[in-house]
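J.: This is a predicted model, with the sequence first.
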Amino acid sequence: MPRIHLCFVWHMHQPFYKDLISGEYRLPWTRMHALKDYYGMVRVLEEFPSLRQTFNLVPSLVVQLEEYAAGTARDPFLNVAVKPAEELTGSEADFLLANAFHADPARLIRRYPRYGELFDLWQSTGQNLERARRVFPPQALRDLQILSQVAWFDEEFLARDAEVAALVRKGRDYSLEDQRVMERKQHEILSLVLPACLRLARSGQIEISTTPFYHPILPLLCDSDIAAVSRPGVPLPRRFRYPQDARRQLEMARGFISARFGIAPAGMWPSEGSVSDETLRIAADTGFEWAATDSAVLDRTLGNGTGVEDLYRLYEWRQDGRRLKLIFRDHLLSDLIGFVYSRMGAAEAAEDFLGRIRANCRGVLSSGRDALVPIILDGENAWEYYEQNGRPFLRELYRRISEDPDIAAITVREALSKFQPRPLDHIFPASWIDSSFSVWIGSEEDNRAWEYLLRARETYDRMHTVPPERRQLAFEELLVAEGSDWCWWYGPEHHSASRPQFDQLYRDHLANVYRALGVAAPEELSRPILKTAVHEIRRPPTDRIRPVIDGEVGSYFEWLGAGYYKADSRSGAMHGRRLVVRELHYGSDGANLYLLIEFKPAAAAELPDLEVRVRTALCAPAGGETSTTIRFTREGVHAQGAECAWRKVLEARIPAPCDAPRFQISVWSGGLPLDALPQDGWLEVQPGLLHP
């Protein structure tokens, strides 16, 4: 009798949060999802041995998981969670408060009454760090340290581990010993994730597939202009065409997974289901047997209003002697798990899901043909919004599938041997979102990000004399910057409290390319690509000034009449920026531009290698403007004619014989941008001030 064959593909992915040069993890989400999701997804499947599934592991995720399991990951978010609350510095306490509530309030935070109380307390301060310091004593901070971590612990440990269960029962007023237990249990959970995947892969219950190493949108790497096929007339940046990078991302992924799991992956989920004929050719050349994408891509490929008879089957793409099997996920059913069933009871949701599948497959089965139903979605992000991290739903769903003789859950590779493929002579170039690439290219922010990436890639191409190890590091940072996750947050489509951190991390990866090549990163990388509202205080100059350049806070009258600029530091930690400049004073005497920069004390103490770059735009004698960048360090000024003294404050004089000098300031440390004044545009001395 014909049967329904369910192909679950759980896509396990987090962006590459590690800075390759500093070695520091810039966001904690790989660790948090490793605590909450990856191990548990394997364990719950293990309870149903007749079910087989495909786990799609992104290599850059596995690299991070290995470091966390080994205890070598440098994670400042973990550091502030495990340090004794009484020993936290002011900036560390601020960091903890600003980052400890990034969780779903209903399912994660309020599941723990004390965590809910602390969340309400934080909300009552208006998320203002200065106010929060006064109402969060050390004991409250320690409770927050522990609960903000335990809330992400896997259900397996919450229910069955005696020490974790004791932490949950205690609920509040935690001790230093409790904090040490929390830290130890984190490492224990993290060390179990990959061995669990390997165990089920060896038993045959799961198939391991993969994704290009750093999760890039392959069709755009091959040719960014291909975005115009799905959206004619879309504004695009300069053409990015590096198919060799796409090939390298695939080769690295296949080799890495082969080394870690002892068998080469047969298949892949291209990042965001993004496909094109060129990328499928490269995948076939690289040795992949199958790939998966979305039903919307199939619809645009066939162009005939795809029905379930077209969707629930295997395909084979064929071009120029190359072949690659393809499956197309049921978009609606996958999204029901990802976004809808979290609001339903477990039994109700499982019944609805399987009822829809049976109804969809009725026509296929009545024709005497088996139905292949691909269900593909993230294996981690949805569960935060489910009761008990989705475990009741998954157990109910898996139990019903196990007990139904008409339904089998199989791996994709098993499907290849069970189904006769239908040939395809081409694929429509698109992703699973809107069957286009609009999330990653076409908006002003996206296009600027691609332009910056292209400039870094072109710089790499020109630098042939760099030592091999430095050149390799630069190339690795380019591959990281090619990942899809950065442009996911640019443009109008997606919003998150972490968007500014993603923006900063993307620009840091690009800056690292230049650092590795031994050249100065362009000043543009010091300013956000993201268009975020920054609260600023600006006051233009009102008179000429001529201060003494001695680096000291001298007479009040020296800077009387100067302009003033200050960014609101209260929003700095919340918006992902590290504000290192307290305030700026500036002005002119008609021949020179004068600057006084006062740094935040903590920044000045912690970052001895601070560097200030001043970009000036001056009127040119022949018309237009001339632009130049001057570097200031504690050792002095790196430009002829300029003067600098850097002691308690930085004071500088820059020749500027111009009616209206404009300037921008950026602050760097170790070759990475930290701050920019202003965040957007220029500061200037207005005409009429310089000449009587």
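T.: Received it, and whenever you're ready, just let me know what you need.
J.: quick one: the closest residue in space to Glu611 that isn't next to it in sequence from Tyr385, how far?
T.: Closest residue to Glu611 apart from its sequence neighbours, by Cβ to Cβ, 6 or more residues apart in numbering: Trp668 at 4.5 Å. Backbone N, C-alpha and C define where each C-beta goes, glycine included. Using Cβ to Cβ, to the nearest Å, Trp668 is found at 40 Å from Tyr385.
J.: Neighbour count: these two, which is higher?
T.: Neighbours were counted for Trp668 and for Tyr385 using other Cβ atoms under 10 Å; Trp668 has more, 25 against 17.
J.: Give me the buried positions along stretch 334-348.
T.: Neighbour-count burial for stretch 334-348 flags Ser334, Leu336, Ile337, Gly338, Tyr341, Ser342, Met344, Ala346 (criterion: 16 or more other Cβ atoms under 10 Å).
J.: my guess is the third one is in a helix, correct?
T.: Yes: assessed by DSSP: H, G, I helix; E, B strand; the rest coil, Ile337 belongs to a helix.
J.: Let me know whether it touches Asp378 as I believe.
T.: No: shown here, Ile337 and Asp378 do not form a contact pair, counting by Cβ atoms under 8 Å, at 9.5 Å.
J.: where does this structure have low pLDDT?
T.: Scanning the chain for pLDDT under 70 picks out the ranges 532-534, 556, 568-578, 602-606, 619-625, 659, 687-692.
J.: domains for it, by residue range?
T.: Following automatic domain parsing, the chain resolves into domains at 444-526, 536-684.
J.: Mind putting those domains into JSON lines with distance to Val193?
T.: Output for these, formatted as JSON lines (distance: least, Cβ to Cβ, whole Å):
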{"stretch": "domain 444-526", "distance to Val193": "20"}
{"stretch": "domain 536-684", "distance to Val193": "28"}
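J.: any idea which of those is most buried?
T.: Ranked by mean neighbour count, the domains of the chain are led by domain 444-526 with a mean of 19 (mean count of other Cβ atoms under 10 Å).
J.: quick one: contacts for the residue nearest to Ser22 when sequence neighbours are not counted?
T.: For Ser22, ignoring the flanking residues on the chain, the nearest one in space by Cβ to Cβ, 6+ apart is Gly670 at 7.2 Å. Neighbour list for Gly670: Ile21, Ser22, Arg515, Asp609 [criterion: Cβ atoms under 8 Å, 6 or more residues apart in numbering].
J.: Closest to Gly355 out of those residues?
T.: Nearest to Gly355 among those is Ser22, at 51.7 Å by Cβ to Cβ.
J.: Please report how far the closest one lies from Leu394.
T.: 38 Å.
J.: what about the two, which has more around it?
T.: Leu394 (21 against 14).
J.: Okay, buried residues for the helix or strand harbouring that one please.
T.: Using DSSP states H and E, the element containing Leu394 is helix 391-403. Of all the residues in helix 391-403, those buried under the rule 16+ other Cβ under 10 Å are Arg391, Pro392, Phe393, Leu394, Arg395, Glu396, Leu397, Tyr398, Ile401.
J.: before we move on, what about stretch 205-220?
T.: For stretch 205-220, a neighbour-count test (16+ other Cβ under 10 Å) marks 205-220 as buried.
J.: List the ones among those residues that fall in helices.
T.: Among these, DSSP state H puts Leu218, Pro219, Leu220 in helices.
J.: Pretty sure the first one sits against Ser276.
T.: Read that as Leu218. Yes: between Leu218 and Ser276 there is a contact at 7.4 Å, judged by Cβ under 8 Å.
J.: give me every residue that touches the residue lying closest to Arg110 once chain neighbours are set aside.
T.: Distance criterion Cβ to Cβ, 6+ apart; nearest residue to Arg110, sequence neighbours excluded, is Gly116 at 4.2 Å. Contact analysis of Gly116 by Cβ under 8 Å, 6+ apart lists Pro105, Ile109, Arg110.
J.: residues in contact with the first one?
T.: Contacts here follow Cβ under 8 Å, 6+ apart; on that basis Pro105 touches Gly116, Phe119.
J.: Please report how far the residue nearest to Glu611 lies from Leu610.
T.: For Trp668 relative to Leu610 (Cβ to Cβ), the value is 7 Å.
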